[in-house]
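Student: Below is the structure, and that's it, no one-letter string:
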C-alpha cells in the first residue's frame, strides 16, 4: 500500500513543481497554514511577499521578481521598460517593475518588489501578449514588437529616447520585425508617430 504523503512533504513537493505559490493555492491543495508556518520556522520555506511562498533553496532566475508579480497581479502584463529588460532590447535599468492593468482594475498595493502600474485599454492589454515561464511560474509579458510600440504610446512616461533606443535595438537584434511593429502601431492608432522613426531605423539596418 503506497504511503500517504505528509502535509510537510506535500507542501514541499508542490513548491518544487510550481515555484512560487499563493496561500490560497496551497490551501486548495489541502495544505494548512500551520504547516507553512512550521516550514518557515525550519528555514525550508520563505515568504517573498505577502501571501506568497517558495522553497528557501530554490535556484532563482534573474527575472524572479517578474514571477512574484505574476502571482500577485494575475491579470497584469509585464510591460514597457520591464518588458524591454526581459527581452534585452534596452540599456535602461528600472528600479520598479512596470505592469499593465486594465482601465477599471483596482490598483494593486504591493510594497516589494516595487511596481509601477500603467492602465491599458482592453485592446492594448490583449495584443501581443506572450506567456513565459520564469522559475516555473507562467508570466504574461508583451512581445518585443508590441513593447516597442507601447514605449512610443507612453513616451511621456518612459521618455522618447528610451522608445527610440528600444526600436533600434529590437531591429538590430532581429527580435522585432518592422512589419510587426508597423502592424501593432496601426492597430493602436499611433502609426503616424512611429512611422518616421521606424523608416529611419529600418533604413539604417538595411
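Tutor: Yep, that arrived. If you're wondering where the values come from, they're calculated on a predicted model, not measured in any experiment.

Student: ok, now which ones touch the residue nearest to residue 15 when sequence neighbours are not counted?
Tutor: Nearest non-adjacent residue to residue 15, counting by Cβ to Cβ, 6 or more residues apart in numbering: residue 55, 4.9 Å away. Yep, even glycine has a C-beta here, placed from its N, CA and C like the rest. By Cβ atoms under 8 Å, 6 or more residues apart in numbering, the contact list for residue 55 reads 12, 15, 16, 44, 45, 46.

Student: Over to residue 112?
Tutor: 48, 49.

Student: please redo it, this time with the cut-off set to 10 Å
Tutor: By Cβ atoms under 10 Å, 6 or more residues apart in numbering, the contact set of residue 112 is 48, 49, 50, 65, 68.

Student: residue nearest the centroid of the chain?
Tutor: By Cα atoms, centre = their mean, the chain has its centre lying nearest to residue 78, at 3.4 Å.

Student: Distance of residue 118 relative to residue 82?
Tutor: 10 Å (Cβ to Cβ, to the nearest Å).

Student: Among those two, which residue is more densely surrounded?
Tutor: Neighbour comparison, residue 118 and residue 82: the larger count goes to residue 82, with 26 against 18 (by other Cβ atoms under 10 Å).

Student: which SS state does the more buried one fall under?
Tutor: Look at residue 82: counting by DSSP: H, G, I helix; E, B strand; the rest coil, its state is helix.

Student: Check it and give its pLDDT.
Tutor: Residue 82 is assigned 96 on the pLDDT scale.

Student: Phi and psi next, for residue 32.
Tutor: Per-residue torsions, residue 32: phi -90, psi 150 (degrees, to the nearest 10).

Student: ugh, typo on my part, it should be residue 14
Tutor: According to degrees, to the nearest 10, residue 14 has phi -60, psi -40.

Student: Not counting sequence-adjacent ones, nearest residue to it?
Tutor: In space, residue 14 is closest to residue 29, 5.8 Å off (Cβ to Cβ, 6+ apart).

Student: Which residues are in contact with the one you found?
Tutor: By Cβ under 10 Å, 6+ apart, the contact list for residue 29 reads 10, 11, 13, 14, 18, 21.

Student: Now, those that are in helices?
Tutor: Mapping those onto helices (DSSP state H) picks out 10, 11, 13, 14, 18.

Student: Which of those residues ranks first by neighbour count?
Tutor: Neighbour max across the ones in helices among the contacts of residue 29 (other Cβ under 10 Å) = residue 11, 25 neighbours.

Student: which residues sit in contact with it?
Tutor: Counted by Cβ under 10 Å, 6+ apart, residue 11 has contacts 5, 21, 26, 29-32, 35-36, 38-39, 44-45, 53, 55.

Student: any idea which of these is closest to residue 146?
Tutor: residue 21 (28.9 Å; Cβ to Cβ).

Student: contacts for the longest helix anywhere in the chain?
Tutor: Secondary structure assigned by DSSP H gives helix 191-205 as the longest helix of the chain. Contacting residues not belonging to helix 191-205 are listed as 148-149, 151-153, 155, 160, 163-164, 167-172, 174, 177-179, 181-186, 188 [Cβ under 10 Å, 6+ apart].
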